[in-house]
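> need a structure here:
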Amino acid sequence: MSATVTGRRRVAFAAYVDENYLPGFLVLLRSLALSNPTVCEDFVVLYDDLRPSSLTAIHRLHPRVRPRRIDPARYDGFVKGDPENYLVRKAYFILDVFLIRDYDTVITLDTDMVVLGDIGELLRLRTGLAAVPQFFHGPDRGPEKLNSGLLVIQREFLTDAFWARLDETGRSGKYELDKHDQGILNAVLAGDFVRLDPSYNFVKRRLSGDKSVPGKVRILHYTGRHKPWAGGERGYARAEEAWHRHDLRDHEFASRFMALPGAKHPDLVTHLGTGIVERTGDVRVAREVASAHVGAGRYQEAVDVLSRVRIPAHWAWPHEVLGSALGSVSRYEEAEAHLLLAAGDPRHAARALGRLAQLAWVRGDDGRAREYALRGLDADPLNRTCALVHRRAEPRPAEPAEGRAAGQLAHVAYFMDRQGNAGDKVLPEAVRLCFDPDPGPARWHAIHAHRLFDEAALERVNARRGLVVGGGGLFIPDTMPNGNSGWQWNVPDRMLERIRVPLAVFAVGYNAFDGQSYPARRFAESLRLLVSRSAFFGLRNHGSVERVRELLPADLRDLVRYQPCPTTVTRRLVAGWRDPEPGERADTILLNCAYDRAGLRFGHDYGHFLGELAKAVRGLGKLAEVRCVAHSLDDERIAFDLRREHGISLPVVPLYDYDVARIHAEFARTRLVIGMRGHAGMIPFGCGTPIISLISHPKMAYFLSDIGRPEWGISVHEVDLGAMLVERAAGLLANHGAAVADVLGRQEELWRVTRANVERLAEVFGGPAA
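I've put the predicted structure just below:
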């Protein structure tokens with residue numbers, strides 16, 4: 001299992017590089033990017049003699065270079081052969097790569113290779129040590145051995161135990177590495193490796209007689225002593241032409257990469273495109289670089305890039321990107337100006353007007369928000385953003401009289417739209433029920449977290465007896481980004497400082513995915529102020545508590561407390577709740593999968609996940625009826641993918657169309673919920689139903705750890721996910737009464753913590769609502 005919280009695989013390329021082979025390595029990097037523009041993993045550069053200028057040249061070509069100096073002295077007395085010979089030094093690399101411990105999959109590439117085709121299959125390999133078998137002219141020369149250069153090494157080989165076998169074999173003195181550069185590895189493996197197609201390590205000598213490079217070749221390997229950068233070899237002109245095509249100056253390489261059609265990895269776009277913008281002021285490249293920054297949540301960087309260039313007034317797309325980015329850093333007036341220019345182009349009008357409507361709503365101008373939304377719907381009647389904002393901006397009920405307001409609590413939360421995420425629909429009501437049996441507007445004043453907390457909002461809050469912020473994953477940078485706080489509540493520091501009533505942060509989550517970052521400075525500053533101003537600061541799992549404490553100075557860390565998500569104690573909160581009798585539950589298993597930020601959830605493993613889930617659904621179908629339960633519209637994708645790829649049809653339960661009571665009823669009457677979303681685990685648990693979590697986000701691992709049941713979670717990256725899922729589901733269903741009792745018992749501790757915190761807050765807020 002990976003060392004990441006979710007089990008997400010960490011993949012890296014690796015190569016040994018010295019000064020003599022540096023020209024080959026630079027061509028390798030260029031060819032990798034040009035042939036696989038969506039691939040950008042860490043590239044571990046093992047070296048022992050590279051000059052600083054050489055490392056700089058490498059860094060210019062790739063944004064995620066990880067240099068590591070190897071120690072040749074480790075191999076003193078280890079092998080025979082001249083230590084100055086490149087093959088001996090390369091053998092050091094081949095062995096040194098097995099000392100890497102911070103990746104789950106390592107793909108080695110030789111510096112005398114060029115990548116010519118799609119290598120996505122290598123990134124998707126999950127087991128074993130994979131390589132291309134050696135190519136020989138003439139009769140067979142004994143047991144099959146792997147060829148040098150391309151290895152795909154999985155975690156089971158990146159261990160001290162496997163290294164010990166290599167070390168013992170190397171010190172036997174049988175291998176003269178300048179003649180048998182992978183003799184040690186072949187001796188240890190004894191032919192036990194995963195065979196790859198020869199196209200992944202197509203050796204040059206297959207092309208002797210000046211043959212053309214076949215179109216199927218993915219990686220061409222210039223084996224032998226005569227390298228293309230050192231004069232080459234007669235009889236291989238066509239093969240070497242493929243190498244020379246990639247022997248480019250830096251600006252030529254960057255321009256060629258940015259000119260590629262189709263998708264590109266955002267890290268490569270920003271790394272290679274920024275220099276073009278600085279050098280030429282190219283608006284099209286600036287727009288693409290800015291879009292990559294926006295997609296990665298780097299909104300200020302997007303603004304900076306497009307602010308460096310002069311955008312013609314009629315070029316709608318760059319204005320749309322700049323306007324959207326400016327809105328994401330809370331520069332609303334400037335954003336509006338650029339988005340209005342974009343809206344003048346019919347091809348961009350609906351999107352630009354949808355963003356204008358959003359920003360008007362954020363600023364509290366409902367009339368203008370509806371106006372922009374209607375104009376957007378005129379341009380595209382199916383534009384979802386315009387439709388949502390038009391409904392959000394409907395006239396709201398009048399504020400209550402002053403005396404009634406004084407008895408209310410104000411509540412900052414992410415209040416979900418119709419057909420929105422079912423979990424976020426349930427959550428605000430669950431928070432309110434912790435404090436008062438009436439969650440309605442008579443007792444509560446709602447403040448949408450995404451709306452700018454301005455003078456009017458401040459006045460309304462200070463007229464109440466307290467303010468509750470939460471729950472949910474509000475500590476996330478990108479759902480509705482703003483530059484005022486760096487997290488979901490759009491509150492400027494100057495407004496937060498002027499809140500006079502008691503403030504409680506209740507059951508909020510630190511919601512970043514593995515590999516996702518925050519705008520660190522602004523978020524940290526807002527967080528420090530928020531903690532210092534809070535009468536209570538409770539986070540929904542201990543993982544969030546630890547992450548947030550790491551961002552705080554020592555004097556504030558102890559103020560961060562544990563407050564479980566109130567959906568996990570639903571049975572204790574809902575008036576008149578009755579647990580179903582055993583015979584009243586439907587013989588069903590509800591299955592939920594999530595697709596927001598799919599790249600962060602699945603990495604390279606979605607195809608593997610889908611195949612394993614298909615196996616699981618077939619097995620689970622023998623235990624109960626499996627239904628797809630969709631918290632949002634996008635969650636229905638799993639039903640489509642299973643049918644298209646594996647011929648499996650599942651009925652869909654559209655929770656996004658249900659009200660809170662019906663969502664509770666759906667989860668309470670099933671036998672088991674297998675869910676990927678956080679609330680696809682927490683809500684059924686709170687309703688007394690056993691769960692298994694498909695872990696693609698740290699929050700579910702955190703929750704299962706808190707309740708002492710980590711075995712109720714399985715990473716979406718597990719090699720044997722299907723079999724594990726069926727086995728664990730069968731165990732829970734076979735002893736269902738005991739599983740339900742276990743859930744109810746584990747709720748008791750969460751309820752105890754919640755009651756203690758709420759009793760403390762009752763004193764802070766001056767007793768229950770009037």
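> Let's see the distance spanning stretch 44-52 from one end to the other.
Stretch 44-52 has an end-to-end distance of 16 Å (CA to CA, to the nearest Å).
> Secondary structure element holding the nearest residue to residue 651 once chain neighbours are set aside?
Among residues not flanking residue 651 along the chain, residue 627 sits closest, at 5.0 Å (CB to CB, 6 or more residues apart in numbering). Bear in mind the C-beta positions are built from the backbone N, C-alpha and C, glycine included. Assigned by DSSP states H and E, residue 627 belongs to strand 625-630.
> hmm, who's touching that strand?
If you take CB atoms under 8 Å, 6 or more residues apart in numbering as the criterion, strand 625-630 is touched by 586-593, 617, 620, 635-636, 638-639, 650-656, 666, 673, 675, 680.
> Just name whatever secondary elements the helix or strand following that strand is in contact with.
Using DSSP H and E, the helix or strand that follows strand 625-630 in sequence is helix 637-646. Counting contacts by 3 or more CB pairs under 8 Å, 6 or more residues apart in numbering; DSSP states H and E, helix 637-646 is packed against helix 606-620.
> does the residue nearest to the spatial centre of the chain count as helix, strand or coil?
When CA atoms, centre = their mean is applied to the chain, the residue found nearest the centroid is residue 600 (1.8 Å). Local secondary structure at residue 600 is given as helix here, using DSSP: H, G, I helix; E, B strand; the rest coil.
> Could you list which residues are in contact with it?
513-516.
> Next, give me the two most distant ones among those.
Of all pairs drawn from these, the one with the longest distance (CB to CB) is 514 and 516, at 7.2 Å.
> Need the phi and psi values for the closest residue to residue 523 other than its chain neighbours.
Spatial nearest neighbour of residue 523, excluding adjacent residues (CB to CB, 6+ apart): residue 486 at 3.4 Å. When read as degrees, to the nearest 10, the backbone of residue 486 gives phi 80, psi 0.
> and residue 486, how many neighbours?
By other CB atoms under 10 Å, 20 other residues sit near residue 486.
> Please report how far it lies from residue 70.
For residue 486, the distance to residue 70 equals 40 Å [CB to CB, to the nearest Å].
> Next: residue 344.
58 Å.
> The two: which has the busier surroundings?
More crowded of residue 344 and residue 70, by other CB under 10 Å: residue 70, with 18 against 13.
> name the helices or strands packed onto the longest helix belonging to the chain?
Secondary structure of the chain read by DSSP state H shows that its longest helix is helix 736-765. Contact analysis of helix 736-765 by 3+ CB pairs under 8 Å, 6+ apart lists helix 422-435, strand 503-510, strand 536-539, helix 570-573, helix 679-686 as its packing neighbours.
> wait, which of the ones you listed is closest to residue 564?
For the helices and strands packed on helix 736-765, distance to residue 564 was read as CB to CB. The smallest value, 6.7 Å, belongs to strand 503-510.
> got the contact list for the closest one?
Contacts of strand 503-510 (CB under 8 Å, 6+ apart): 431, 434, 466-475, 530-531, 533-541, 543-544, 547-548, 563-566, 678, 699, 757, 761, 764-765.
> Taking strand 503-510 as reference, get the angle to the helix or strand that comes right after it.
Heading C-terminal from strand 503-510, the first helix or strand you meet, by DSSP H and E, is helix 520-533. Here helix 520-533 runs at an angle of 140 degrees relative to strand 503-510 (axes from the mean of the first three to the mean of the last three CA atoms, to 10 degrees).
> Give me the below-cutoff pLDDT ranges for the stretch 351-500 of the chain.
398-403 (pLDDT under 70).
> picking up where we left off before, could you give the angle of the strand holding residue 627 to helix 422-435?
Angle of strand 625-630 versus helix 422-435, following the same axes, to 10 degrees, is 80 degrees.
> For strand 625-630, list every residue counted as buried.
Buried residues in strand 625-630, counted by 16 or more other CB atoms under 10 Å: 626-630.
> Repeat that for stretch 196-215.
Buried residues in stretch 196-215, defined by neighbour count with 16+ other CB under 10 Å: 196, 198-207, 213.
> Would you mind giving these as CSV with pLDDT and distance to residue 37 added?
Converted to CSV, the buried residues of stretch 196-215 look like this (pLDDT from 0 to 100; distance: CB to CB, whole Å):
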residue, pLDDT, distance to residue 37
196, 97, 22
198, 95, 24
199, 97, 19
200, 98, 19
201, 96, 22
202, 96, 21
203, 94, 26
204, 93, 25
205, 91, 30
206, 93, 27
207, 95, 26
213, 97, 20
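> And these, which two are furthest apart?
The distance between the two most remote of the buried residues of stretch 196-215 (CB to CB) is 18.9 Å, for 196 and 207.
> what kind of secondary structure is the residue nearest to residue 478 when sequence neighbours are not counted in?
Ranked by CB to CB, 6+ apart and with sequence neighbours excluded, the top spatial neighbour of residue 478 is residue 297, at 4.6 Å. Secondary structure state of residue 297, per three-state DSSP, is coil.
> Tell me the pLDDT of residue 297.
If you check residue 297, the pLDDT there is 89.
> any idea how far it lies from residue 512?
Using CB to CB, one gets 10 Å for the distance from residue 297 to residue 512.
> quick revisit: for the residue nearest to residue 523, give its distance to residue 331.
Distance from residue 486 to residue 331, by CB to CB: 14 Å.
> again with residue 492
Applying CB to CB to residue 492 and residue 331 gives a distance of 13 Å.
> could you point out where this structure is predicted with low confidence?
Residue ranges of the chain with pLDDT under 70: 1-3, 75-93, 136-143, 173, 175-181, 398-403, 517-519, 767-770.
> go again using 80 as the cut-off
Residues of the chain meeting the criterion pLDDT under 80: 1-4, 72-94, 135-143, 148, 170-183, 396-403, 477, 515-520, 767-770.
> Just say helix, strand or coil for residue 43.
Three-state assignment for residue 43 (three-state DSSP): strand.
> Contacts only, for the closest residue to it other than its chain neighbours.
Nearest non-adjacent residue to residue 43, counting by CB to CB, 6+ apart: residue 13, 4.6 Å away. Counting by CB under 8 Å, 6+ apart, residue 13 touches 32, 41-44, 106-109.
> do the same with residue 571
Contact analysis of residue 571 by CB under 8 Å, 6+ apart lists 577, 579, 686-688, 744, 747.
> can those go into TSV with extra columns for distance to residue 155 and neighbour count?
Shown next, in TSV, are the contacts of residue 571 (distance: CB to CB, whole Å; neighbours: other CB atoms under 10 Å):
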residue	distance to residue 155	neighbour count
577	46	13
579	43	13
686	36	29
687	38	27
688	38	18
744	38	13
747	36	22
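> Just name the closest of these to residue 242, please.
Nearest to residue 242, judged by CB to CB, of the contacts of residue 571 is residue 686 at 60.0 Å.
> What is the burial count for the residue nearest to the closest one when sequence neighbours are not counted?
Closest residue to residue 686 apart from its sequence neighbours, by CB to CB, 6+ apart: residue 570 at 3.4 Å. If you count neighbours by other CB under 10 Å, residue 570 ends up with 27.
> and if you look at residue 552?
18.
> Thanks a lot, catch you later.
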